[in-house]
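> Prediction below, plus the sequence it came from.
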Amino acid sequence: MSVYDQVSANRGRHGGRISAAASYLPANPATAICFGVLLLFALMAVFAPLIAGDPVKIDPAQRLTGPSASAYWGRDHLGRDVFARAVYGSRMSLLVGFSVAAIATVFGVAIGIYAGMSRIGGAIAMRLVDAMMAIPAILLAIAFAALMDAGILTVIIAISIPEIPRMVRLVRSVVLGVQQQPYVAAAISIGTGGLPLVWRHILPNTLGPVLVQATYACASAIITSAVLSFLGVGTSPEVPSWGGMMADARSFFRIHPELMVYPGVLLSLLVLVVNVLGDRLSDALDPRKMVRGSV
Amino acid sequence: MLGYVLGRLLAAIPIFILVAIFIFSLVHLTPGDPAVLLAGDNANPQQVEKIRERLHLDEPLIVQFGIWAGNALQFDLGESIYSNKPVTQLIAQRIQPTFVLAAVTLFLTVAIAVPLGVIAAWRANGWIDRGIMAFAVLGFSVPVFVIAYLLVYFFAVSLRWFPVQGYKPLSNGLLTTLHSVTLPSIALALVFAALIARVTRAAMLEALSENFTRTARAKGLGTFRILVVHALKCAGIPVITVIGIGFATLVGGVVVTESVFNIPGIGRLTVDAITRRDYPVVQGVILFFSALLILINLLIDLSYALFDPRVKG
């Protein structure tokens, strides 16, 4: 979320905080629970074939039947195993979430550092970023996904494109801040420049805020991909996805609300733990969190 | 002051031009023939040829862009392939539900988020703060269509307080309209409010740690006066900025919510246009929303002058 840009930009100026943050994170019970839940989702995605049956097999004779030994959560309007679709659906969400976070990080950091170091290039890059951020992210993703061939790669690219400018803006603000630091000015004055300067002094300082932003990007990408599937512009309908399951359940919502509940709860839970981890990380990297009073 | 306003206006122009270029390239730089793309799946070769001619697709890209942008400046966004109506007319027909939904949502959001944020900052790190912040992280983790269906299930299907879906135009009276947009507005506002509450809290904490707050406390002002008159005014700028940035999220939410509640607004128009591969409409709607966002953020920039005396200069 772009809102955190300004907030996070001030944080994590000190590379050493990463290790401090890493040692602080598991000590908190909420963090530990979130890591645990995320791990469960990951195991579910990896071992889906061992946990659940066939998620795409259609069985019209058993359409909308309740829970049974063969389908723990019942069957949908095409007689497909809802539990199996829900388990396999985690693959889509995790794959899109982590891919988008990775793509946004790689491009965002590279462009952001360039924009922070180069005066003219930076000005041009920031105008482009402003323009891209003026287009509502979901609309951009919907239009892109609809124009290209349906597929998971299209979905990942469609969601990454609006996510990159947010990262660029954040990284650039950190880079500009770091350049004001006396030790960086000193490094420049003794002739450190180019790659060594970026590698030794600039990049480590961006690490903290970037990590937090990547976590939020992951969470919002999971939501956006669900929205795309829900609106029917994501991957093809037979590929199991939580958003797609909810779209299928719409017509039967009054009689079978549970078909909406399973994917809805899983989706919300996954996004929640990712967001909480992002918040924890952001708190752990923020030295000011320790000294806050109240009226 | 006048210089500031002019400067902001001038800064918005290149951004708008870049946005137009992006949206234009979206259709024209994707693989495949834009004429075939624009004509839709069911078009015959003559129709494709007609579109190619009408949109000057044989001309160089830069000329095409000039023609398209020139028309857009005169509020001509082309015609829908599906209904053959001008895109601007389609948008105008559907603007009312979207506007009402957005306005009610914005009102609810501010009414929920700002007090919550202020209270959370006042009771920072206490259990009230924790509770409010837990609500906030939940609010923007649960996707808007999940919240929407939860609300529909409890308040429309079970309790029957509100309609399951649909929109009653303003011609039926304000109360009827408001009744029909209550559930969609709450669903949208919960997501938006979560965001604003967090930023309000952060901005308030910043303001409460300032020296002027301590001075106000020292001279014996009451807690309410310190929070609302002194700190909140100072925290106003980041909060309003985020409301502006959040409009982009709100637009995305409107598209989804209108689809869930079957509200015939611009969001529904977008989704329908996409399922029908009606590209002139898709292009037009995105351009419309982007222009709206730029305009809103411009107005917000200008409103800083009200909050921050330094801007008046």
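Great, that's in hand.
> Check which helices and strands the longest helix along chain B sits against.
For chain B, the longest helix by residue count, based on DSSP state H, is helix B:174-208. In terms of contacts (3 or more C-beta pairs under 8 Å, 6 or more residues apart in numbering or on different chains; DSSP states H and E), helix B:174-208 is packed against helix B:95-122, helix B:127-139, helix B:144-151, helix B:232-260. C-beta coordinates here come from the backbone N, C-alpha and C atoms, glycine included.
> For chain A, find the nearest of those.
helix B:232-260 (3.1 Å; C-beta to the nearest C-beta).
> list the buried ones in that closest one?
Neighbour-count burial for helix B:232-260, counted by 16 or more other C-beta atoms under 10 Å in any protein chain shown, picks out B:232, B:234-260.
> could you give me the average pLDDT of stretch B:23-41?
In this model, stretch B:23-41 carries a mean pLDDT of 72.
> rewinding a little: want to throw the helices and strands packed on helix B:174-208 into TSV with mean pLDDT and distance to chain A?
Shown next, in TSV, are the helices and strands packed on helix B:174-208 (pLDDT from 0 to 100; distance: least, C-beta to the nearest C-beta, whole Å):
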stretch	mean pLDDT	distance to chain A
helix B:95-122	91	6
helix B:127-139	89	5
helix B:144-151	89	4
helix B:232-260	84	3
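> Of the ones you listed, give the one that comes closest to B:F288.
In terms of C-beta to C-beta, the element of these nearest to B:F288 is helix B:95-122, at 9.1 Å.
> elements contacting the closest one?
Going by 3+ C-beta pairs under 8 Å, 6+ apart, helix B:95-122 lies up against helix B:127-139, helix B:174-208, helix B:232-260, helix B:266-275.
> any idea of the angle the next helix or strand after the last one forms with helix B:232-260?
This points to helix B:266-275. Going down the chain from helix B:266-275, the next helix or strand is helix B:279-307, by DSSP states H and E. Using axes from the mean of the first three to the mean of the last three C-alpha atoms, to 10 degrees, the inter-axis angle of helix B:279-307 relative to helix B:232-260 is 160 degrees.
> Name the residues of helix B:279-307 that come out as buried.
Going by neighbour count (16+ other C-beta under 10 Å), the buried part of helix B:279-307 is B:279-294, B:296-298, B:300-301, B:303-305.
> and if you look at stretch B:97-115?
Buried, per 16+ other C-beta under 10 Å, within stretch B:97-115: B:97-98, B:100-102, B:104-106, B:108-110, B:112-114.
> which residues are contacting it?
By C-beta atoms under 8 Å, 6 or more residues apart in numbering or on different chains, the residues outside stretch B:97-115 that reach it are B:167, B:169-170, B:177-178, B:181-182, B:184-186, B:188-190, B:192-197, B:200, B:232, B:239, B:243, B:250, B:254, B:257-258, B:263-267.
> 7 Å instead, please
Contacts with stretch B:97-115, where a contact means C-beta atoms under 7 Å, 6 or more residues apart in numbering or on different chains, come from B:167, B:177-178, B:181, B:184-186, B:188-189, B:192-193, B:196-197, B:200, B:239, B:250, B:254, B:263-267.
> Now cross-check the buried residues of helix B:279-307 against chain A and list the overlap.
Applying C-beta under 7 Å from any C-beta of the partner chain to these, one finds that B:282, B:286, B:289-290, B:293-294 fall near chain A.
> Just give me the closest of these to A:G122.
A:G122 has its nearest neighbour among those in B:I294, at 21.4 Å by C-beta to C-beta.
> Spit out the contact partners of the closest one.
For B:I294, the residues meeting the contact criterion (C-beta under 7 Å, 6+ apart) are A:134, B:12, B:15-16.
> Out of those residues, grab the one that's most surrounded.
A:A134 (23 neighbours; other C-beta atoms under 10 Å in any protein chain shown).
> isn't that one right up against B:F289?
No: A:A134 lies out of contact with B:F289 (C-beta atoms under 7 Å); the separation is 9.3 Å.
> Against B:L61, how distant is the closest residue to chain A within the stretch 1-150 of chain B?
Nearest residue of the stretch 1-150 of chain B to chain A: B:L18, at 3.3 Å (C-beta to the nearest C-beta). Look at B:L18 and B:L61: by C-beta to C-beta, to the nearest Å, they are 16 Å apart.
> these two touch, right, B:T213 and B:T223?
No: at 10.8 Å, B:T213 does not count as touching B:T223 under the criterion of C-beta under 7 Å.
> out of those two, which sits in the busier spot?
More neighbours surround B:T213 than the other of B:T213 and B:T223, with 20 against 11 (other C-beta under 10 Å).
> Let me see the contact set for the more buried one.
Taking C-beta under 7 Å, 6+ apart as the test, what B:T213 contacts is B:207, B:226, B:230-231.
> In those, find the pair that's most separated.
B:A207 and B:I226 (9.6 Å).
> Distance check, the nearest residue to B:V152 once chain neighbours are set aside against B:G66.
Excluding the flanking residues, the one nearest B:V152 by C-beta to C-beta, 6 or more residues apart in numbering or on different chains is B:V164, at 5.8 Å. Separation of B:V164 from B:G66 (C-beta to C-beta): 48 Å.
> ok, now A:F107?
From A:F107 to B:G66 the distance is 30 Å (C-beta to C-beta).
> what do you get for B:L178?
Taking C-beta to C-beta, one finds B:L178 at 45 Å from B:G66.
> B:G252 now?
Applying C-beta to C-beta, the value for B:G252 to B:G66 is 30 Å.
> In chain A, which helix is the longest?
Max-length helix for chain A by DSSP H is helix A:82-117.
> so, in contact with chain B or not, the helix or strand just after that helix?
Per DSSP H and E, the first helix or strand lying C-terminal to helix A:82-117 is helix A:119-134. Yes: using C-beta under 7 Å from any C-beta, helix A:119-134 comes into contact with chain B via A:127-128, A:130-132, A:134.
> List only those of the residues you listed flagged as buried.
A:128, A:130-132, A:134.
> Which residue of chain A lies farthest from its centroid?
Computed with C-alpha atoms, centre = their mean, the maximum C-alpha offset from the centroid of chain A is found at A:I190, amounting to 40.2 Å.
> and the gap between that residue and A:Q179?
With C-beta to C-beta as the criterion, A:I190 and A:Q179 are 15 Å apart.
> before we move on, what about A:A143?
If you go by C-beta to C-beta, the gap between A:A143 and A:Q179 works out to 37 Å.
> so who does B:A187 touch?
By C-beta under 7 Å, 6+ apart, B:A187 lies in contact with B:144, B:147-148, B:151, B:257.
> Likewise for B:I263?
Per C-beta under 7 Å, 6+ apart, neighbours of B:I263: B:97, B:101, B:167, B:184.
> mind running it again at 8 Å?
B:97-98, B:101, B:165-167, B:181, B:184, B:257.
> still on that earlier bit, the helices and strands packed on helix B:174-208 into TSV, with extra columns for distance to B:V87?
Shown next, in TSV, are the helices and strands packed on helix B:174-208 (distance: least, C-beta to C-beta, whole Å):
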stretch	distance to B:V87
helix B:95-122	13
helix B:127-139	34
helix B:144-151	26
helix B:232-260	17
